[in-house]
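**Q** sharing a model that was predicted from the sequence below.
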Amino acid sequence: MIRLDRGKVTVPVDWAKRVASKFTDYATFQTKAADFEKLPINSQDRENGFKEYAPEVLPKADFPQIWGEAKDELGKMSHRKCSYCESAIGHKGDGQVEHFKPKSLFPSFAYDWDNYFLACGGCNRPKSNKWPKDGGYVRPDQKDPAKEFLFESDGKMKAVKEDSDAGRTMRDFRLNEGWLVYWRKLTIEMAVEDLEPIIRLLYPVDKESARSKARSVVERYSNSKLPYSAAVTQCLRRAWGAACPDVPL
């Protein structure tokens, strides 16, 4: 997971009008949503979801699904990768608009673009309408999310602190799912292969030249447009540090 720049997302100027047009009485929807969110997060009414709590304010007793219109803009922010696992999303139809705070529990955020991230189905489906009773999840557009996780050369990852937002993100988004681990591992191995001859052949004879070339490798693979850039960057730096501790990158 890398830091995403929400400044790249342009919200349509008429978005609020588009949303309101889908409701018979949007003001009433907003009022009911605010009342619903005052309920304890672990109460039965809250867990049952907003559609059961107030179906009368939803057209056809469901949320009008117009957030798909946000895909192109969200794709600019995440470089058309999943905002969570960093897998490439090859087709627009494969990308999903993920509600960071699920609309069933936080209906007032259902049409808030700051609550939207582009995600793959492998992350969005298992997370679904989950929200922790305590704490939350790691937001890709805040701080440096990569620092919350440790990426291993075998493609697996873990939270720096297990009982944390990062730990909950790991579990609920299934960030160690088997196929994902496979592709992450393959990408890491390819990058480390590029670094290995620099360490083995050049470093013993010219440390400064080796450092310069190693920096170029790290810079190339840390490109935020590439899949798994956070994982690859960590593993490259760790491989260099283990082999060449006296010459920091």
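**A** Structure received. Quantities reported herein were computed from a predicted structural model and do not represent experimental measurements. Residues are numbered from 1 along each chain as shown.

**Q** can you give me the strands in this structure?
**A** 96-99, 116-119, 149-151, 157-159 (DSSP state E).

**Q** show residues contacting the third one.
**A** To tie it back to what came earlier, the one meant is strand 149-151. Applying Cβ atoms under 8 Å, 6 or more residues apart in numbering, the set of residues contacting strand 149-151 from outside is 1, 157-160, 166, 170, 184, 188, 230-231, 234-235. Glycine gets a C-beta too; all of them are placed from N, C-alpha and C.

**Q** ranges for the helices of the protein?
**A** Along the chain, counting by DSSP state H, helices occupy 15-21, 26-36, 44-48, 50-53, 71-78, 121-127, 165-172, 178-197, 207-221, 229-243.

**Q** now the ones you listed as a markdown table including mean pLDDT?
**A** Shown next, in a markdown table, are the helices of the chain (pLDDT from 0 to 100):
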| stretch | mean pLDDT |
| --- | --- |
| helix 15-21 | 97 |
| helix 26-36 | 97 |
| helix 44-48 | 95 |
| helix 50-53 | 96 |
| helix 71-78 | 96 |
| helix 121-127 | 96 |
| helix 165-172 | 97 |
| helix 178-197 | 97 |
| helix 207-221 | 96 |
| helix 229-243 | 97 |
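
**Q** would you mind giving these as a markdown table with mean neighbour count and distance to G7 added?
**A** Formatted as a markdown table, the helices of the chain follow (neighbours: other Cβ atoms under 10 Å; distance: least, Cβ to Cβ, whole Å):
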| stretch | mean neighbour count | distance to G7 |
| --- | --- | --- |
| helix 15-21 | 13 | 17 |
| helix 26-36 | 16 | 27 |
| helix 44-48 | 13 | 33 |
| helix 50-53 | 17 | 30 |
| helix 71-78 | 19 | 8 |
| helix 121-127 | 18 | 23 |
| helix 165-172 | 20 | 23 |
| helix 178-197 | 16 | 28 |
| helix 207-221 | 16 | 23 |
| helix 229-243 | 20 | 19 |
